[in-house]
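Student: Pasting the sequence and the predicted coordinates here, then a few questions.
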Amino acid sequence: MAERLTKSATRNIFYGGSAFFFVVFVLLTAHTHYYMRTVSTDESTLSESVIRGKHVWERNSCINCHTLLGEGAYFAPELGNVWIRYGGRDDPQGARDALKAWMQSQPSGVEGRRQMPQFNLTDQELDDLVDFLEWTSRVKTQGWPPNNAG
Ligand code: HEC
């Protein structure tokens, strides 16, 4: 038995190891996608208004100031949990009204407070946006982000 690894044995370990871990990577990627669609999110409640709301979110670049589930900019509050923080679980209509009123009353003009622009969204756009935020609040993130502030 050879005492040292030969060149070809080393090469085989390298190629074999690379191939093995590539396969593991592909399997884990497939599993992640499967898990996201079947466990983390609820596709059956992905309504037209939720989809429209996501487009309102994207068109107005809310992510430039806010985070959503921990991703985005850290200028303004996390919004993945805003529906829950506004009491949407116990009083959905109250939370909807409060969120719409918030959007309509910006900027607050309060001295020393960070300001959010006025987007002049229509009532329909506001409702769609709230539907999107409500749907997002139900994404199972396994406790991420770790605190309310994102
Ligand atoms: C230019 C930065 C900026 C952009 C862009 C922006 N926001 Fe904000 N937003 C803020 C700031 C700053 C606050 C906190 C203001 C305060 O507390 O007085 C805020 C607060 C909020 C709140 C209340 C959060 C809470 O925890 O009470 C909601 C809801 C909200 N924004 C939604 C949106 C949506 C939806 C969009 C996109 C249409 C958006 N924001 C785009 C800066 C921004």
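Tutor: That came in fine, so what should we check first?
Student: going forward, measure contacts between C-alpha atoms and count neighbours the same way
Tutor: Will do.
Student: burial of R113, as a residue count?
Tutor: Residues within reach of R113, counting by other CA atoms under 10 Å, total 9.
Student: What segments of this protein are strands?
Tutor: In the chain, the segments counted as strands under DSSP state E are 67-68, 71-72.
Student: Show me which residues of the chain sit near the ligand.
Tutor: Residues of the chain lying near the ligand by CA under 6 Å from any ligand atom: 57, 60-62, 64-65, 76-77, 82, 99, 113-117.
Student: which of the strands of the chain sits most buried?
Tutor: For these, the largest average neighbour count (mean count of other CA atoms under 10 Å) is found in strand 67-68, namely a mean of 20.
Student: Could you give the separation of that one from the chain centroid?
Tutor: From the chain centre to the centre of strand 67-68 is a distance of 6 Å (CA atoms, centre = their mean, to the nearest Å).
Student: i'd like the first residue to be 12 from this point on
Tutor: Shifting the count to begin at 12 puts that one at strand 78-79.
Student: What mean pLDDT does it get?
Tutor: Taken as a whole, strand 78-79 carries a mean pLDDT of 96.
Student: before we move on, back to that, and the buried ones among the residues of the chain next to the ligand, selectable in ChimeraX?
Tutor: The buried residues among those can be selected in ChimeraX (16 or more other CA atoms under 10 Å) with this line:
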select :68,73,87,88,93,110,127
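Student: Next, give me the two most distant ones among the residues of the chain next to the ligand.
Tutor: With distances taken as CA to CA, the most widely separated pair in the residues of the chain next to the ligand is W68 and R124, at 22.8 Å.
Student: what about stretch 109-126, start to end distance?
Tutor: Counting by CA to CA, to the nearest Å, the length from the leading to the trailing residue of stretch 109-126 is 18 Å.
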